[in-house]
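Engineer: sequence and computational prediction follow.
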Amino acid sequence: MLRKYSILAALAALCICPSFAQAANEDEVPYWASIDVDEANMRVGPGNSFRIAWVYRRLHLPVKVIRREGPWRQVEDPDGAQGWMRDLLLSRQRGAIVRGDDLIEMHAERGEAAPVLWQVEPGVVGLLGECEAGWCELDIQGHRGWVPESSLWGAGTP
């Protein structure tokens, strides 16, 4: 009987351990996130009593989470501003913003030789798909294509 419970306990531990490992990975900083609401306040400290430093009105704007404190996340925006946001305002769905001074080309496939679908202005925000070999898939309000990873903030390692 004791052996039966030992085996069941071992099997339960095997089932639970992967979820613990996944939860531990979710706690590691830095990581990329994106603003998941139409309006998000960035505060100067981790609490509602702290002054609002910035108000963001850009759905899917990428932010880099650099610190966690309870339900608060210290984030950095694409311009380098840092402050605190509630975790409920953020999503793990990756976003990216086109950076630079010039238009970039969105291609039908990875690579400069692929047909150009659109030209995209700096400051445009989209949902980030997979990145591979220096190219990232980007979805800008349903317009999907591939852009150079070097033209995006929110891609690569945070």
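Structural biologist: On my side now, so go ahead. Computed from a predicted structure; not experimentally measured.
Engineer: please count neighbours and contacts with C-alpha atoms only from this point.
Structural biologist: Noted.
Engineer: how much space between S151 and Q93?
Structural biologist: The gap separating S151 from Q93 is 19 Å, by Cα to Cα, to the nearest Å.
Engineer: out of those two, which sits in the more crowded spot?
Structural biologist: Between S151 and Q93, S151 has the larger neighbour count (other Cα atoms under 10 Å), namely 21 against 15.
Engineer: for the more buried one, give its distance to Q141.
Structural biologist: Distance from S151 to Q141, counting by Cα to Cα: 18 Å.
Engineer: L59 reaches L89, doesn't it?
Structural biologist: No. Contact status for L59 versus L89: not in contact, 10.1 Å apart, counting by Cα atoms under 8 Å.
Engineer: shared neighbours, these two?
Structural biologist: Taking Cα atoms under 8 Å, 6 or more residues apart in numbering as the criterion, L59 and L89 both touch I35, D36, V37.
Engineer: nearest to G126 among these?
Structural biologist: I35 (11.5 Å; Cα to Cα).
Engineer: just the shared contacts of L59 and L89 now: which is nearest E121?
Structural biologist: Among those, and counting by Cα to Cα, the member closest to E121 is I35, at 20.2 Å.
Engineer: next, count neighbours for the nearest residue to E121 once chain neighbours are set aside.
Structural biologist: Distances taken as Cα to Cα, 6 or more residues apart in numbering put L103 closest to E121, at 4.7 Å, once the chain neighbours are dropped. Using other Cα under 10 Å, L103 has 15 other residues around it.
Engineer: got the phi and psi for L103?
Structural biologist: The phi and psi torsions at L103 (degrees, to the nearest 10) take the values phi -60, psi 150.
Engineer: so who does it touch?
Structural biologist: Q119, V120, E121, P122.
Engineer: for the shared contacts of L59 and L89, give me a markdown table that also has neighbour count, pLDDT and distance to R51.
Structural biologist: Formatted as a markdown table, those follow (neighbours: other Cα atoms under 10 Å; pLDDT from 0 to 100; distance: Cα to Cα, whole Å):
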| residue | neighbour count | pLDDT | distance to R51 |
| --- | --- | --- | --- |
| I35 | 25 | 98 | 19 |
| D36 | 20 | 97 | 21 |
| V37 | 16 | 98 | 20 |
